[in-house]
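Colleague: Mind looking at a prediction? Sequence and model below.
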Amino acid sequence: MTRECIDFVREHLHDDTARLLLSAARYPAIDMPLAVNQIEGLRMAGEKWPTLMDNEEYLFPPRLNREQASSEVTAHYKASLIAHHSIADLTGGMGVDTLAFAKEATHVDYVERDAALCSLMEHNCRALGVSNVSVHCADSMAWLATQEPYDLIYLDPARRSASGRKVSAFEDCTPDLLQHLDLLRSKARRLLVKASPMIDLRRATEQLGAVSEVHIIAVKGECKEVLFLCESTHDGQAVVHCTDLKDLKDFKDLKVFSFTISEEQTAAALYSDAVGRYLYDPHAALRKGGCFRLLSQRYGLPLLASNTHLYTSPTLLPDFPGRIFEVLQEVPLNRKAVKAALPDGKAHVVVRNFPEEAAVLQRQLGLKEGGDLFLIAATVGTRRTALLCRQA
């Protein structure tokens, strides 16, 4: 990318990209499709890859590849799990994970069958000063069959069907790693697999076999990734680790909640149909992991009902892994009562163990999204009610 194009991108970072494409004739010295792709990539980078923002030479891939790529914070989390000499990333894509691995490993092989992405990766490694990554344009499984064993192999199979529909099961992804498990196990002692947040944890663990750890990663309250770490010598239960990442700044101070399925199954939960002053909502990774009885046992907090997955207490427990609300009042679920409690007609509606979805209930109650208050509709004991809250 020329200096003129770099300057153009920075100057027009906040412009309408559709209009820029239409006005390409006004800028004959600018490769407008490239410039627009860079502008859109930089806009996404502010939230997803903040450290790439300041590197003027870095080139972003097309939108679909950007959308499918890991965020920088989840990539660094994955890299924190490994301390190996040799790693093969068999589903290279944009290369965010490869670059994170390169900071921890002696050498990383990036494998990608898209030649354009491979060219970008080679350019970006030079731009970022990364010298311990080798780029290979090849079918990953055919390429792997010719290689010596690695310390770890990483796979992030593409989770879109031929028609573009999102999929989650391993057998629907590309490559279908289940068909290649024997090869993968023969080429690495450890296998790290990234899966959809919608993956069935129990089924996936059974399909992969030898899963020693499952890592469920939420980012700012939204479940983003599920990772399966397989070790050839492991024959026991998997330990499930749940965490909610915020940003790279507090990465070293992560709070991870770890458990096994048998611990959750045998945990003695507390229950209460009386709502205390504080309400606790587990973060998204814990909800995905299905860890509810054990949370109650470890923190001494009663659940409001067996399937409600909200906890309560009369005094504040600030270290709870999730959102904490102060309960202001209980509100009958009808428009008149809600209007009296929320005269400005604004609230964030949350539902737990409730027959209506949040958006539907919001319309039924005549509420608009916004404000500082939360209306949490839930089953408490055996009754359905709403709790007006603010975050503690």
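Modeller: Thanks, I have the structure now. Residues are numbered from 1 along each chain as shown.

Colleague: quick one: low-confidence ranges for the stretch 151-300 of the chain?
Modeller: Along the stretch 151-300 of the chain, the parts satisfying pLDDT under 70 run over 161-163, 248-252.

Colleague: could you pull out the strands for it?
Modeller: 188-195, 211-219, 222-231, 239-245, 257-260, 270-271, 278-282 (DSSP state E, counting those that start in this stretch).

Colleague: Put together a markdown table for those strands, with mean neighbour count on each row.
Modeller: Heads up, the C-betas are built off the backbone N, CA and C, glycines and all. Shown next, in a markdown table, are the strands of the stretch 151-300 of the chain (neighbours: other C-beta atoms under 10 Å):
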| stretch | mean neighbour count |
| --- | --- |
| strand 188-195 | 22 |
| strand 211-219 | 23 |
| strand 222-231 | 21 |
| strand 239-245 | 22 |
| strand 257-260 | 18 |
| strand 270-271 | 13 |
| strand 278-282 | 23 |
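
Colleague: which one of those lies closest to residue 138?
Modeller: Of all the strands of the stretch 151-300 of the chain, it is strand 188-195 that lies closest to residue 138, at 17.1 Å by C-beta to C-beta.

Colleague: could you pull out the helices for the stretch 101-250 of the chain?
Modeller: Taking DSSP state H, counting those that start in this stretch, the helices of the stretch 101-250 of the chain run over residues 115-128, 140-144, 181-187, 201-208.

Colleague: would you turn these into CSV with mean neighbour count and distance to residue 194?
Modeller: Shown next, in CSV, are the helices of the stretch 101-250 of the chain (neighbours: other C-beta atoms under 10 Å; distance: least, C-beta to C-beta, whole Å):
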stretch, mean neighbour count, distance to residue 194
helix 115-128, 17, 17
helix 140-144, 18, 14
helix 181-187, 15, 14
helix 201-208, 16, 11
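
Colleague: For residue 18, which of those helices is the nearest?
Modeller: helix 115-128 (23.0 Å).

Colleague: would you list the helices of the stretch 101-250 of the chain in TSV and tack on distance to residue 51?
Modeller: Output for the helices of the stretch 101-250 of the chain, formatted as TSV (distance: least, C-beta to C-beta, whole Å):
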stretch	distance to residue 51
helix 115-128	9
helix 140-144	27
helix 181-187	31
helix 201-208	31
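
Colleague: Dump the C-alpha coordinates for stretch 361-368 into CSV.
Modeller: Extracted C-alpha coordinates of stretch 361-368, given in CSV (Å, rounded to 0.1, in the frame of the first residue of the first chain):
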residue,chain,number,x,y,z
LEU,A,361,-41.9,-8.8,26.9
GLN,A,362,-40.5,-5.3,26.3
ARG,A,363,-43.1,-4.6,23.6
GLN,A,364,-45.9,-6.1,25.7
LEU,A,365,-45.0,-3.8,28.6
GLY,A,366,-44.6,-0.8,26.3
LEU,A,367,-41.0,-0.2,27.3
LYS,A,368,-38.1,1.3,25.3
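
Colleague: could you dump the strands of the stretch 151-300 of the chain to JSON lines with distance to residue 118?
Modeller: Shown next, in JSON lines, are the strands of the stretch 151-300 of the chain (distance: least, C-beta to C-beta, whole Å):
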{"stretch": "strand 188-195", "distance to residue 118": "20"}
{"stretch": "strand 211-219", "distance to residue 118": "27"}
{"stretch": "strand 222-231", "distance to residue 118": "24"}
{"stretch": "strand 239-245", "distance to residue 118": "29"}
{"stretch": "strand 257-260", "distance to residue 118": "38"}
{"stretch": "strand 270-271", "distance to residue 118": "55"}
{"stretch": "strand 278-282", "distance to residue 118": "41"}
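
Colleague: of all those strands, which lies closest to residue 99?
Modeller: strand 188-195 (15.1 Å).

Colleague: Show me what the closest one is in contact with.
Modeller: With C-beta atoms under 8 Å, 6 or more residues apart in numbering as the test, strand 188-195 has contacts from 70, 78, 81-82, 84, 88, 97, 149-157, 168, 170, 177, 184-185, 204, 208, 225-233.
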